[in-house]
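Peer 1: A structural model of the following input is requested.
(one chain, ligands or ions: 1)
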Amino acid sequence: MAAPKVAVVGAGVIGLSTALCITEACPSCSVSVLSDQFSPNTTSDVAAGMLIPHTYPGTPIHVQKQWFKETFTYLFAISNSAEAPEAGIHLVSGWQVFKNPPKEETPFWSDVVLGFRPMSEAELQKFPRHQFGQAFTTLKCDCPSYLLWLEKRLKATGVQMHTRKVEDLWDLHSEYNVVVNCAGIGAHQLVGDQELFPIRGQVLEVHAPWVKNFIRDGDGFTYVYPGIQRVTLGGTREKDIWSLSPDPGTTKDIFDRCCSLEPSLQKAQDVMVKVGLRPSRPSVRLQREVFSQGGLKLAVVHNYGHGAGGFSVHRGTAKEAARLVGECIAALQGSSSRAKL
Ligand code: FAD
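Peer 2: Prediction:
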């Protein structure tokens with residue numbers, strides 16, 4: 001069999017990292033990324049990019065922990081390298097605070113982030129309305145920078161990037177041996193997945209360079225996440241809402257909630273508003289499927305549905321998707337050598 005041709009549909013953090021893992025796992029593959037939008041116009045560009053896992057109810061916790069650990073380890077190495085500023089990856093310390101102690105005082109990811117511990121009384125004094133808190137250090141991606149860094153790495157390894165809207169994955173069967181579906185919320189239409197739904201999120205980015213520590217209220221509905229240049233203030237979670245238009249009332253509400261956590265934000269300047277649709281489902285869809293029509297077959301690998309936690313687990317799920325692509329290629333090579341006999 002000639003060099004296997006692989007198409008990755010989607011150029012958000014999932015598509016780009018999956019394409020990169022495929023080039024690493026299968027250097028002889030010819031990989032193309034096909035997407036109707038690239039950075040800065042993807043959901044991934046809107047994300048706050050904090051490495052704090054979201055929980056997928058349909059996925060075993062040990063699998064989610066493995067995905068998070070692989071992602072954390074990968075980005076931690078980048079944060080300790082000279083690539084860090086260009087890739088937009090940095091460590092950030094801060095606090096997760098609760099008005100009432102949470103059900104789980106030690107989340108499953110507590111030994112993956114760095115220095116996880118209960119907050120001290122002195123730290124809690126900063127938050128008079130909260131009774132309990134956890135302090136830790138994690139990683140944050142400056143999302144547009146990280147996406148451009150991934151694109152640059154892909155181009156350097158010879159991956160082709162094409163702007164193309166794919167109406168039907170089957171349309172790719174004559175050009176590619178394996179197709180990887182990383183279309184995010186676009187998979188709702190592309191493969192008619194009724195389990196996939198949007199959770200609309202609106203965030204603000206402000207200039208407030210004195211804010212150095214992250215603050216996350218309880219389950220993460222309100223948060224202040226300092227990045228390299230700007231501070232992200234969030235957020236909202238609106239299930240089944242498809243609108244990408246910013247809502248001014250929501251902007252004020254987010255700003256007020258964040259100021260109640262960090263009063264100095266009253267002096268923040270240059271407020272920008274972003275909206276994105278989290279591609280949500282009970283579990284990430286990470287599996288192989290074979291499409292067939294008229295005796296012809298197309299190997300497909302799905303990797304979408306990362307909801308509120310795509311950055312936190314992207315490298316782990318990309319590695320698993322690349323392993324599934326390897327299985328598809330092995331199956332194709334097996335069937336082409338059997339056909340020659
Ligand atoms: P996308 O970034 O949407 O990429 C999908 C790609 O597929 C796009 O390039 C699109 O153009 C392409 N595409 C779709 N359909 C087609 C088609 N038919 N043909 C061709 N191309 C197609 N996660 C975290 O881990 N930490 C956070 O702090 C965090 N904060 C967030 C804050 C907000 C406000 C939001 C909205 C999300 C946040 N997330 C966070 C979640 C994270 O953004 C997502 O999980 C992640 O971006 C999903 O990536 P993706 O590549 O699957 O989707």
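Peer 1: which residues sit against the helix or strand containing Asp256?
Peer 2: In the assignment (DSSP states H and E), Asp256 maps to helix 248-261. Helix 248-261 is contacted by residues 97, 127, 129, 202-204, 215, 217, 222-224, 233-236, 265-266, 271, 273 when judged by Cβ atoms under 8 Å, 6 or more residues apart in numbering. In this view, the C-beta of every residue, glycine as well, is placed from N, C-alpha and C.
Peer 1: do stretch 73-88 as well
Peer 2: Contacts to stretch 73-88, defined as Cβ under 8 Å, 6+ apart, come from residues 49, 51, 89-91, 139, 141-146, 149, 227-228, 315.
Peer 1: Only the C-alpha atoms, please, for it, written as CSV.
Peer 2: Taking C-alpha atoms only, stretch 73-88 is exported to CSV below (Å, rounded to 0.1, in the frame of the first residue of the first chain):
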residue,chain,number,x,y,z
THR,A,73,2.6,16.5,31.0
TYR,A,74,2.8,17.6,27.4
LEU,A,75,2.0,21.3,28.0
PHE,A,76,4.1,21.4,31.2
ALA,A,77,7.2,20.4,29.1
ILE,A,78,6.3,23.2,26.6
SER,A,79,6.0,25.7,29.5
ASN,A,80,9.5,24.8,30.6
SER,A,81,11.0,25.3,27.1
ALA,A,82,12.0,28.2,25.0
GLU,A,83,8.8,27.5,22.9
ALA,A,84,6.6,28.7,25.8
PRO,A,85,6.0,32.3,24.7
GLU,A,86,5.3,31.4,21.1
ALA,A,87,3.0,28.5,22.1
GLY,A,88,1.3,30.7,24.6
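Peer 1: Please identify the buried residues of that stretch?
Peer 2: Residues Tyr74, Leu75, Phe76, Ile78, Ser79, Ala84, Ala87, Gly88 are the ones in stretch 73-88 that count as buried (16 or more other Cβ atoms under 10 Å).
Peer 1: repeat for stretch 170-189
Peer 2: 172-173, 176-188.
Peer 1: Just the buried residues of the lowest-mean-pLDDT helix or strand in the chain, please?
Peer 2: None of the helices or strands of the chain scores lower by mean pLDDT, DSSP states H and E than helix 310-340, at a mean of 89. Residues of helix 310-340 classed as buried: 310-322, 324-326, 328-329, 332 (neighbour count, 16+ other Cβ under 10 Å).
Peer 1: check the residues you listed against the ligand, which are close?
Peer 2: For the ligand, the contacts drawn from these by Cβ under 6 Å from any ligand atom are Gly310, Phe311, Ser312.
Peer 1: what about stretch 123-140, start to end distance?
Peer 2: End-to-end distance for stretch 123-140, by Cα to Cα, to the nearest Å: 22 Å.
Peer 1: Alpha carbons of stretch 30-39, as CSV, please.
Peer 2: Extracted in CSV, the C-alpha atoms of stretch 30-39 (Å, rounded to 0.1, in the frame of the first residue of the first chain):
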residue,chain,number,x,y,z
SER,A,30,0.3,11.8,4.2
VAL,A,31,-1.9,14.0,6.5
SER,A,32,-4.2,16.9,5.4
VAL,A,33,-6.4,19.2,7.6
LEU,A,34,-9.6,20.2,5.9
SER,A,35,-11.7,22.9,7.7
ASP,A,36,-14.2,25.6,6.9
GLN,A,37,-12.6,27.8,9.6
PHE,A,38,-9.1,28.2,11.0
SER,A,39,-7.8,30.3,13.9
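Peer 1: Can you name the residues in contact with it?
Peer 2: Contacts of stretch 30-39 (Cβ under 8 Å, 6+ apart): 3-11, 15-16, 19, 22-23, 45, 144, 147-148, 151, 154, 158-166, 172, 176, 186.
Peer 1: Could you tell me which of these belong to strands?
Peer 2: Among those, DSSP state E puts Lys5, Val6, Ala7, Val8, Val9, Gln160, Met161, His162, Thr163 in strands.
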